[in-house]
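# Fold the following.
(chains A, B, C and D)
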Protein chains: 4
Amino acid sequence: MLVVMKPHATEAEIEAVVEKIRGLGLTPHPIPGAQRVAIGVTGNKGGIETAQFETMPGVADAIRVSQPFKLVSREVKEEDTVIDVGGVPLGGKALAVMAGPCSVESKEQILEVAHAVKAAGARFLRGGAYKPRTSPYEFQGLAEEGLKLLALAREQTGLKVVTEVMDAETLPMVADYADVLQLGARNMQNFSLIRRLGAIRKPILLKRGPSATIREWLMAAEYVVAGGNYQVALCERGIRTFETMTRNTLDLNAVPVLKALTHLPVIVDPSHGIGLRAHVAAMARAGIAAGADGIIVEVHPRPEQALSDGQQSLLPREFEELMRQVRVIAGAVGRSV
Amino acid sequence: MLVVMKPHATEAEIEAVVEKIRGLGLTPHPIPGAQRVAIGVTGNKGGIETAQFETMPGVADAIRVSQPFKLVSREVKEEDTVIDVGGVPLGGKALAVMAGPCSVESKEQILEVAHAVKAAGARFLRGGAYKPRTSPYEFQGLAEEGLKLLALAREQTGLKVVTEVMDAETLPMVADYADVLQLGARNMQNFSLIRRLGAIRKPILLKRGPSATIREWLMAAEYVVAGGNYQVALCERGIRTFETMTRNTLDLNAVPVLKALTHLPVIVDPSHGIGLRAHVAAMARAGIAAGADGIIVEVHPRPEQALSDGQQSLLPREFEELMRQVRVIAGAVGRSV
Amino acid sequence: MLVVMKPHATEAEIEAVVEKIRGLGLTPHPIPGAQRVAIGVTGNKGGIETAQFETMPGVADAIRVSQPFKLVSREVKEEDTVIDVGGVPLGGKALAVMAGPCSVESKEQILEVAHAVKAAGARFLRGGAYKPRTSPYEFQGLAEEGLKLLALAREQTGLKVVTEVMDAETLPMVADYADVLQLGARNMQNFSLIRRLGAIRKPILLKRGPSATIREWLMAAEYVVAGGNYQVALCERGIRTFETMTRNTLDLNAVPVLKALTHLPVIVDPSHGIGLRAHVAAMARAGIAAGADGIIVEVHPRPEQALSDGQQSLLPREFEELMRQVRVIAGAVGRSV
Amino acid sequence: MLVVMKPHATEAEIEAVVEKIRGLGLTPHPIPGAQRVAIGVTGNKGGIETAQFETMPGVADAIRVSQPFKLVSREVKEEDTVIDVGGVPLGGKALAVMAGPCSVESKEQILEVAHAVKAAGARFLRGGAYKPRTSPYEFQGLAEEGLKLLALAREQTGLKVVTEVMDAETLPMVADYADVLQLGARNMQNFSLIRRLGAIRKPILLKRGPSATIREWLMAAEYVVAGGNYQVALCERGIRTFETMTRNTLDLNAVPVLKALTHLPVIVDPSHGIGLRAHVAAMARAGIAAGADGIIVEVHPRPEQALSDGQQSLLPREFEELMRQVRVIAGAVGRSV
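Next comes the predicted model:
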């Protein structure tokens, strides 16, 4: 940490900060400048609460120098994490392709989609049984019935099941059925729930909160990993900005930034990221070109009848076409599908 | 709803939309324009999923005309909701003043603050026993021990207790101790939890999510009210923007907008809203002047030693001074403290 | 500045940074930490380009410690700047009240408004003769004819004229007619134009850009002051965020933050700040309560016929009522109108 | 346009709106709903000022149905615009690759870069002679001397010159030297200047403002085209969001959205879009994969000595490597370099 004094801070104020630092068992390093004094702080193991300095007289600012995340950092573990999902890799050279409907709606629907995306090359089936919805009057998911249908689809196709967990109560049941547990964007900082995800031994797909910084997102992952569950993948799904023509703003900058900061796999969700069916394929291609370790895409056989997210779901044949493009882009960046 | 066709939509495409509307049991109203046709839709009770139209050939857009919230709307209930918190009003002409530390840290601390804010004129004591923290390595609260200390402070001062609930597991216990349950900003769209808050009969202070639109925030309140719990107050605590000099951007625009849209009380949190102790009082005054029904302010006797949020906590004597200012502003807008 | 090295930076990399600092004629202060080394830099007069360090091997980050603005800073000049606009103060204890239509539309319109806002207590008349419009097909202002009408209104009422300047070509003419030159939000970083404003000797009302940080805004003011024109007032008029129910998000946090950082007067524009006529008065009150030195408000006798901004213009009688409220709030914060 | 009445609007209020519409020479289409009445409006040629309805009693909202841009729209011109820059296409199947330093700094520098980027495959040389800088104390460019050096580089390499114009005063001179005039992000809504760009006959590279919506950006292009200059290309260079780890948030969503809405070419600027040298290549690849018609990239032989933007400039050999990647991605999406 660096404590920056005000230009006219008195000797006594500077001394008080130096003493405070020593009192915490740390080492102060005063740097006298032309206009002001700054005091470097060393010797700390974890983060220091900056407020205890910012509130002292004569202090202008207290600046953190280190990143607050540790276990998820490349500084701690250099090589890429590859999660083994029952034999299918999530992370590493082979792209993880996840596809399926927003919500599981019926046996016919989920089986039709599962067979179609399998045929097109997906290895994971996505589908929601519990749906977080902005309005209490919207379709909320089939609950356990939906989970059973996902399991049936897995049995028929061999696809791994990715599905969302919304709360601690249903976590054991969802974990029973799922191969990968998705934590939704609105729950990214539901700390009670992410702490639970650290205590289980299932892979987690951690979606970025709509207004979460990359740092906060990595801190959420740190919660899970600090709990002992090292099988975490991050999913960029768009952030909230002023732009209203698209549902979210897919922040592909996050992909190379994350790949440099963390060893965890990074997945891109172009469906939520742009929210417009006609443009999902373009953003899936862009995600792969930016260096993502996989994509998660909404596919529905009859989007106009979908109970949720129809406007951003691809038709099976559109997904098949997308997979052809993804294969080419993957090859161009040294990846395979 | 209004379905807007593309300029060159064919007769057949227009007819298909008209048929689709009829098929849903609704009434189509085609409006032929110079450049394009639009089709009004009437007869629906709740909202219509716009996606089912947006995905049809020849359709440019489907625009919702009604607001999706009902029970929290002034259109449904004109007069202001005043929540009776054990004899102390939350909402209505008298301002609700809530104050206390970010976290309950010790018996001495909470009692000292409680007596101080009581003496200055507060009617509610805030204090966190369960703390959602960005980092797993930060102080997470005293848990039930903290709740007991809050109850002790209530016993000694008569202040009503406002404290945060973080999950369903601890909800019964927190509800046992609290007079008002606070739902934190990061949990505003934790739909499992807000659904539970609809099932209990305790007043709820619903903080706005950092990137929640006013509409989404009202929809979250709608979840609680639709569950049968009508005792909901909204708390503006700042939104996330590009500005980095302040912790959040306190959106005081939301105050008059909400007062027009909903009958629920609106509270302002200047502490989180600006995040800088020196400026909390200015924003508290501004909140009252904008028409808020109360304020919630962080107060700590020794901010430089606070385990959380020290940089935005007022000293007891600063809070006392703030209350003097608040009284004057309250008078200027026809309110009392 | 502080240069932060990566955890595994080599001795040679650290030495290269130290040498680089010395080569610039500055003094390096290495601070060896447990995990990494940081190097303080002192001896610089102005800002240092951080990039020259960020691009060196082994460097994690280069952090600026000082603010980049100088002349507008309270560190340079402690007492408030009060601009004398032909006998009427802008800044200081008395609030500066500016009111008038968005655009000057006709002789009848501007005179009617001028007399009305004068009677209600305004000392400045606002009105646009040159209008920056998002669309080339919208009303672009009366140009010099509008300026003449403003001058006529000044003659009849004694109000000081505030009007926008859009480019260098019309600057001499606008400066001829105006008492205060307004620089519009979209031109806040039109550096060619603001440099010109530094070369003239007229008061400037510098509106904040819709996505300008407080720091960038102060840097724009620094351009004007560095050019020799010390008569600059800042105008908060709302920033762009994700919220769509209001035209902009009025950032009242900026008011106390600016009052602490700079000696320049701070004006609030509630009309653009919220963009909804029904709520302009609430935000004007809030601005004053937050500590602003004045307000600028759109007033039009027939908003439904206004050629621009009708949806956010007050009727003259609404403005009169607002002035009554402003007086009370002003008194509550030790100001007068 | 659609005028939506409040639920309890009276017959008289509805009638007043109907009369108002007729008074404007337009045709009203009342649609009586269960809860409220909406009134469609047809017969207008351009946009209608919604405010004249929003301010009427009983009106809840006035919603625009058509997009406000015309000439830049694909509805007006279906086929892609390909700008002929002295024999080099901007737009169309071949990607336009633009590269060069942020600022022209010296003869040696610009010639060294020009030869290097030419050898790597670029067809356009970028370089600023007039630099808009946030601080008045930073390097402001070599002015005409810089333009002459760009012309010299063109002479030696055959590269087309792209350089920024900052104001009307220097426009004739800059237009004399440049092949493509760049309008900077901060000037996107400098309407005086963009109107001038409509009056000349040089290709324009119109950068997106940091907080401009796609609609506003297209309206700025509409200004130029409405003035008679059809040679406009759009350049996505990142928008401002809450994320601070990157300089801007490159909004690649804008690429497919624009390609659907407009016939103008779309260029991506990964250098400003992410602002971190290590990640520029990833974002350039992503831009091409998303469907952009070209890229503009900052290249400098000694970034650590650059007078501006060193932290985001590629070394010549990094650019060469990037071009290899771009060629592969281009092939994957049916484009060539």
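
# from here on, contacts and neighbour counts on C-alpha atoms
Noted.

# Quickly check: the biggest helix by length in chain A near chain B or not.
The longest helix of chain A (DSSP state H) is helix A:316-332. No - in terms of C-alpha under 8 Å from any C-alpha of the partner chain, no part of helix A:316-332 sits within range of chain B; the closest distance is 13.7 Å.

# List the contacts of that helix.
With contact meaning C-alpha atoms under 8 Å, 6 or more residues apart in numbering or on different chains, helix A:316-332 is reached by A:95, A:113, A:116-117, A:120-121, A:281, A:284-285, A:288-289, A:299-301, A:336-337, D:289, D:325, D:328-329, D:332-333.

# Point out the ones among those that are inside helices.
Counted as lying in helices by DSSP H, out of the contacts of helix A:316-332, are A:113, A:116-117, A:120, A:281, A:284-285, A:288-289, D:289, D:325, D:328-329, D:332.

# Out of these, flag the one nearest to C:Ile194.
D:Ala289 (39.6 Å; C-alpha to C-alpha).

# how many degrees apart are the longest helix of chain A and helix D:280-289 in direction?
With axes from the mean of the first three to the mean of the last three C-alpha atoms, to 10 degrees applied, the angle from helix A:316-332 to helix D:280-289 works out at 150 degrees.

# How far away from the center of its chain is helix A:316-332?
In terms of C-alpha atoms, centre = their mean, to the nearest Å, the centre of helix A:316-332 is set 23 Å apart from its chain centre.

# So which bits of that helix are buried?
Neighbour counts over helix A:316-332 (16 or more other C-alpha atoms under 10 Å in any protein chain shown) mark A:316, A:318-320, A:322-323, A:325-330, A:332 as buried.

# before we move on, what about stretch A:252-267?
A:252-259, A:261-267.

# helix, strand or coil for A:Gln152?
Not Gln; residue A:152 is Leu. Recorded secondary structure, A:Leu152: helix (DSSP: H, G, I helix; E, B strand; the rest coil).

# Just give me the neighbour total for it.
15 (other C-alpha atoms under 10 Å in any protein chain shown).

# do the same with A:Glu15
A:Glu15 has 12 nearby residues by other C-alpha under 10 Å.

# That one in helix, strand or coil?
helix.

# Output the buried residues of helix A:316-332 in TSV, with distance to D:Lys6 and pLDDT appended to each entry.
TSV is the format used below for the buried residues of helix A:316-332 (distance: C-alpha to C-alpha, whole Å; pLDDT from 0 to 100):
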residue	distance to D:Lys6	pLDDT
A:Pro316	43	97
A:Glu318	42	96
A:Phe319	43	97
A:Glu320	47	97
A:Leu322	45	95
A:Met323	48	96
A:Gln325	49	92
A:Val326	49	93
A:Arg327	53	93
A:Val328	54	91
A:Ile329	52	94
A:Ala330	53	94
A:Ala332	56	89
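
# with the residues you listed in mind, which one is nearest to A:Val76?
So of the buried residues of helix A:316-332, ranked by how close each gets to A:Val76 (C-alpha to C-alpha), first place is A:Ala330, at 28.4 Å.

# where along the stretch 51-200 of chain A do the helices fall?
A:51-54, A:107-120, A:144-157, A:171-177, A:191-199 (DSSP state H, counting those that start in this stretch).

# Could you point out which of those sits nearest chain B?
helix A:51-54 (4.0 Å; C-alpha to the nearest C-alpha).

# What are the buried residues along stretch A:39-59?
For stretch A:39-59, by 16+ other C-alpha under 10 Å, it's A:39-43, A:47-59.

# State the mean pLDDT of it.
On average, the pLDDT along stretch A:39-59 is 78.

# thinking again about what came up before, between the ones in helices among the contacts of helix A:316-332, which sits nearest chain C?
Nearest to chain C among the ones in helices among the contacts of helix A:316-332: D:Gln325, at 22.7 Å, using C-alpha to the nearest C-alpha.

# so how far is the helix or strand that contains A:Ala221 from its chain's centroid?
Assessed by DSSP states H and E, A:Ala221 sits inside helix A:214-226. In terms of C-alpha atoms, centre = their mean, the centre of helix A:214-226 is found 9 Å from the chain centre.

# who does it touch, helix- and strand-wise?
helix A:191-199, strand A:232-236 (3 or more C-alpha pairs under 8 Å, 6 or more residues apart in numbering or on different chains; DSSP states H and E).

# Off-centre distance for the last one?
I take that to be strand A:232-236. 4 Å.

# Same check on stretch A:32-44?
Put simply, stretch A:32-44 sits 36 Å off its chain's centre (C-alpha atoms, centre = their mean).

# can you tell if it touches chain C?
Yes - Stretch A:32-44 reaches chain C (C-alpha under 8 Å from any C-alpha) through A:32-34, A:40-44.

# which among those gets closest to chain D?
A:Ala34 (18.5 Å).

# where in the stretch 1-150 of chain A is pLDDT low?
Applying pLDDT under 70 to the stretch 1-150 of chain A flags the ranges A:34, A:45-47.

# quick one, strands of it?
Under the criterion DSSP state E, counting those that start in this stretch, the stretch 1-150 of chain A carries strands at the ranges A:2-5, A:27-32, A:37-42, A:59-63, A:83-85, A:88-90, A:96-100, A:124-126.

# just so I know, which of the ones you listed lies nearest chain B?
Using C-alpha to the nearest C-alpha, the nearest of the strands of the stretch 1-150 of chain A to chain B is strand A:59-63, at 10.7 Å.

# So what are the sheet partners of that closest one and their directions?
The pairing partners recorded for strand A:59-63 under DSSP bridges are strand A:2-5 (antiparallel).

# I would like the residues contacting the partner strand, please.
Applying C-alpha under 8 Å, 6+ apart, the external contacts of strand A:2-5 come out as A:14, A:36-41, A:53, A:58-65, C:65.

# Can you get me a residue count around the closest residue to A:Leu276 other than its chain neighbours?
Nearest non-adjacent residue to A:Leu276, counting by C-alpha to C-alpha, 6 or more residues apart in numbering or on different chains: A:Gln312, 4.8 Å away. Other residues within reach of A:Gln312, judged by other C-alpha under 10 Å, total 28.

# now swap in A:Leu234 and tell me
A:Leu234: 24 neighbours (other C-alpha under 10 Å).

# Same check on A:Gln156?
By the measure other C-alpha under 10 Å, the count of residues near A:Gln156 is 12.

# and if you look at A:Gln67?
Quick note: A:Gln67 (other C-alpha under 10 Å) scores 12 neighbours.

# circling back: now do the longest helix of chain A against helix A:107-120, angle only.
Using the same axes, to 10 degrees, helix A:316-332 lies at 30 degrees relative to helix A:107-120.
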